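Engineer: based on what follows, work out the 3D shape:
(one chain, ligands or ions: 1)
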Amino acid sequence: MGAMTDRSRKLTERAQLDYPLTAPATDGSVITIAPGLLWVRMPMQGALGHINVYLLEDSDGWWIVDTGLRIDKVKSLWLKLAAEYFSEKPLKAVICTHFHYDHSGQSAWLSDHFQVPVYMTHGEYFAMRVFNSGGADIGSPSQRDFFHRSGVPEDLIEDIIVSCSKDPFRASSPPGYIRLFDQQSLQIGSRQWRIIVGQGHSPEHACLYCEDEGILIAGDQLLPEISSNVLVTDIEPFANPLALWLQSLDRLEKLHQDTLILPAHGPVFKNVKVRVHQLQSHHERQLNVLRDSMTDAQPVTAFQLMSCLFKRKLSVMDNILALGETLAHLNWLMDNHEISVSTDSDGISQYCAK
Ligand SMILES: [Zn+2]
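Structural biologist: So this is what the prediction gives:
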């Protein structure tokens with residue numbers, strides 16, 4: 001049996017899930033998923049092209065889950081939705097599943113314009129404030145050293161730093177927030193939502209689970225068509241986010257099989273166990289590629305191993321994601337005592353199979 005190509009695997013995986021609803025266009029159109037639960041798409045640059053946001057009706061107002069990027073198009077769509085939906089019942093609260101710009105980018109504006117609170121977990125709120133305030137130390141000696149140790153060529157390090165500092169989507173942060181906790185209950189209209197915190201893609205990602213009706217608002221914690229980024233960055237170079245990610249998937253796998261999953265990207269779907277298994281297998285394949293690339297005890301750098309995992313041509317920003325993803329899998333293998341790392345005379349980390 002030959003190895004499945006990525007494309008045919010994607011098609012097979014897609015066919016194993018159920019998609020009970022047609023997605024709305026990315027123009028402010030609204031799909032009713034259930035009474036008082038609406039699905040809208042906000043536009044986004046890049047291959048994804050959209051982010052799903054959800055509107056939840058309460059007895060005295062509306063809650064929204066995720067906000068879209070800080071771009072004018074998204075703001076005008078929110079104003080259009082407000083005219084249609086928030087005149088009888090006002091917007092009441094904003095929930096951000098996590099800090100990434102496509103999820104939290106309009107939180108400060110929405111909170112200020114509609115005078116409503118923003119709900120987030122502690123880890124996500126403070127990560128957002130650090131990134132929005134430029135506190136991530138782009139181009140710092142420790143960030144340069146992180147890329148150098150990973151074996152990234154010096155000219156590419158420069159390009160990466162320039163590209164990070166030009167980040168066009170940095171937003172302002174709401175000045176305060178209401179903290180969400182794992183397992184906390186939120187009563188919104190007739191539904192009780194339980195917060196399920198996941199890790200690995202972001203520090204403390206909040207999903208909302210309505211057990212009575214079998215609905216999960218999943219954010220980026222469970223996507224139907226792509227695997228969420230699981231990255232190691234210079235801020236926490238020895239982190240093992242893949243272990244956290246796989247543990248979080250184990251928790252989602254236990255949800256009822258009939259659960260309707262409302263992801264942040266891609267179509268609404270069913271078949272949670274199958275999707276969890278597909279994602280577990282994806283990471284197992286990535287780990288196996290690295291294992292196979294390190295069998296001969298010839299030391300290799302993270303940057304060299306990155307090209308074994310990601311064979312397509314990468315943009316500068318892709319390099320950051322691909323390197324972060326490679327390091328996430330290497331740190332998992334390190335913690336699993338399968339490989340070792342040493343520093344060569346140039347200060348570059350060299351990985352070997354044990
Ligand atoms: Zn995200």
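Engineer: for the stretch 151-300 of the chain, what spans make up the strands?
Structural biologist: With strands called from DSSP state E, counting those that start in this stretch, the stretch 151-300 of the chain shows them at 178-180, 185-188, 191-198, 205-210, 215-219, 260-263, 269-270.
Engineer: distance between the shortest one and the chain's centre?
Structural biologist: Spelled out, that is strand 269-270. 18 Å (CA atoms, centre = their mean, to the nearest Å).
Engineer: again with the third one
Structural biologist: Here strand 191-198 shows a centroid-to-chain-centroid distance of 17 Å under the convention CA atoms, centre = their mean.
Engineer: which of the strands of the stretch 151-300 of the chain is buried the deepest?
Structural biologist: Mean neighbour count, computed with mean count of other CB atoms under 10 Å, is highest for strand 215-219 among the strands of the stretch 151-300 of the chain, reaching a mean of 26. C-beta here means a position set from N, CA and C on the backbone, and glycine is covered the same way.
Engineer: dump the residue contacts of the residue in the stretch 251-354 of the chain that the ion sits nearest to.
Structural biologist: Nearest residue of the stretch 251-354 of the chain to the ion (CB to the ion) works out as Ala264 at 7.0 Å. By CB atoms under 8 Å, 6 or more residues apart in numbering, the contact set of Ala264 is 51-52, 66, 97, 102-103, 218-220, 223.
Engineer: widest-spaced pair of these?
Structural biologist: Pairwise distances across those (CB to CB) peak at 14.4 Å, for the pair Asp102 and Ala218.
Engineer: dump the strands of the stretch 151-300 of the chain into JSON lines; add distance to Ser87 as well.
Structural biologist: Shown next, in JSON lines, are the strands of the stretch 151-300 of the chain (distance: least, CB to CB, whole Å):
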{"stretch": "strand 178-180", "distance to Ser87": "25"}
{"stretch": "strand 185-188", "distance to Ser87": "19"}
{"stretch": "strand 191-198", "distance to Ser87": "23"}
{"stretch": "strand 205-210", "distance to Ser87": "25"}
{"stretch": "strand 215-219", "distance to Ser87": "25"}
{"stretch": "strand 260-263", "distance to Ser87": "25"}
{"stretch": "strand 269-270", "distance to Ser87": "33"}
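Engineer: switch those over to TSV; also include mean pLDDT.
Structural biologist: Output for the strands of the stretch 151-300 of the chain, formatted as TSV (pLDDT from 0 to 100):
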stretch	mean pLDDT
strand 178-180	98
strand 185-188	98
strand 191-198	98
strand 205-210	98
strand 215-219	98
strand 260-263	98
strand 269-270	98
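Engineer: lowest-confidence helix or strand of this structure?
Structural biologist: Ranking every helix and strand in the chain by mean pLDDT, DSSP states H and E puts helix 6-15 at the bottom, with a mean of 90.
Engineer: ok now that one, how far from the chain's centre?
Structural biologist: With CA atoms, centre = their mean, you get 21 Å for helix 6-15.
Engineer: again with stretch 256-267
Structural biologist: Using CA atoms, centre = their mean, the offset of stretch 256-267 from its chain centre is 15 Å.
Engineer: over to the most centrally placed residue in the chain: give its phi and psi.
Structural biologist: Against the mean C-alpha coordinate of the chain, by CA atoms, centre = their mean, the closest residue is Asp220 at 4.2 Å. Backbone geometry at Asp220, expressed as degrees, to the nearest 10, gives phi -100, psi 10.
Engineer: near the spatially closest residue to it that is not a sequence neighbour, how many other residues are there?
Structural biologist: Among residues not flanking Asp220 along the chain, Ser228 sits closest, at 4.7 Å (CB to CB, 6 or more residues apart in numbering). Residue neighbour count, defined by other CB atoms under 10 Å, stands at 22 for Ser228.
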